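Asks: what follows is a protein structure lacking sequence information:
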């Protein structure tokens, strides 16, 4: 018997029932794959409470315990228990739930989770991979403003098949700086504060939201250094970048054999390119225009591993 207060949502290809309101997610009506429920402090292992911040991730159970926010227990890719800290900001709880915690749950369900923003260009997905602050969300927002479909920001779940990898859409919101939002033509009035610990602002997208999984065609690894061109990664480099920028290693947790094999398989299927970061935010619109052309030119070429594709230099 479901509790009367349960909310129904849809995100990352999953039906979600939650005791907590999660307005970031899209309202759902289908069957539930995941349940989010409130729990009591006595269900949290003492080691997690005494050593915060605490994180331990396995395929069966994961625990994330944070001062100020609370503790999240993720089990079997099907259940998330939330134990809020006294006086915790609900916006902070939601930010972790919709992002990192859902990423861990999707990892438990066997997907490969990119730390990436993903946009659909001409009906197929381009992923922008990189460290925090590398400009993933800014590039995705400006490409979206240029008419391309939005799939996800920060957490990019992949289902890798024998011949293709599918990206599952998340929810229509990006985290972006005020300066980058201005470069994308987004007004300050369209932005919302997320919580007192997050410097970026939330931008709720209202159109060009991709509702279904899309085939991934290429991955760009954003780098702050290098020549002003899009350079292919050799296979070994590609695997290392994928391991570095996927869950659980992105969270500082050891990956298992399945995680490594997934990274190897993806590097064999999908070309990865080194993408130099725009020098200043004001350059982002022109940067995105040129990148759009590069994506289309890459797709015109016959399918080839990334290490056989020449470097493409940005041209005005």
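Replies: Perfect, thanks for sending it. These numbers were taken from a predicted model, which means no experiment stands behind them.

Asks: next one: residue 44 from residue 85, what distance?
Replies: From residue 44 across to residue 85, the span is 11 Å (C-beta to C-beta, to the nearest Å). All C-beta atoms are positioned from the backbone trio N, CA, C, and that covers glycine.

Asks: same check on residue 31?
Replies: Separation of residue 31 from residue 85 (C-beta to C-beta): 32 Å.

Asks: doesn't residue 30 lie inside a helix?
Replies: No: counting by DSSP: H, G, I helix; E, B strand; the rest coil, residue 30 falls outside a helix, being coil.

Asks: against residue 7, how distant is the residue lying closest to it once chain neighbours are set aside?
Replies: Closest residue to residue 30 apart from its sequence neighbours, by C-beta to C-beta, 6 or more residues apart in numbering: residue 15 at 4.7 Å. In this view, residue 15 and residue 7 are 12 Å apart by C-beta to C-beta.

Asks: with residue 46 instead?
Replies: According to C-beta to C-beta, residue 46 stands 31 Å off from residue 7.

Asks: so what does the strand or helix carrying residue 174 touch, helix or strand wise?
Replies: Following DSSP states H and E, one finds residue 174 within strand 173-176. Packing contacts for strand 173-176, counted by 3 or more C-beta pairs under 8 Å, 6 or more residues apart in numbering; DSSP states H and E, involve helix 136-145, strand 201-204.

Asks: give me the contacts around it.
Replies: With C-beta atoms under 8 Å, 6 or more residues apart in numbering as the test, strand 173-176 has contacts from 24, 117, 137-138, 140-141, 150, 153-154, 184, 186, 191, 194, 198, 200-205.

Asks: list only those of these flagged as buried.
Replies: The neighbour count (16 or more other C-beta atoms under 10 Å) marks 24, 117, 137-138, 140-141, 150, 153-154, 184, 186, 191, 194, 200-203, 205 as buried among the contacts of strand 173-176.

Asks: about what we covered before: ok, residue 46 and residue 7, which is more surrounded?
Replies: residue 7 (16 against 7; other C-beta atoms under 10 Å).
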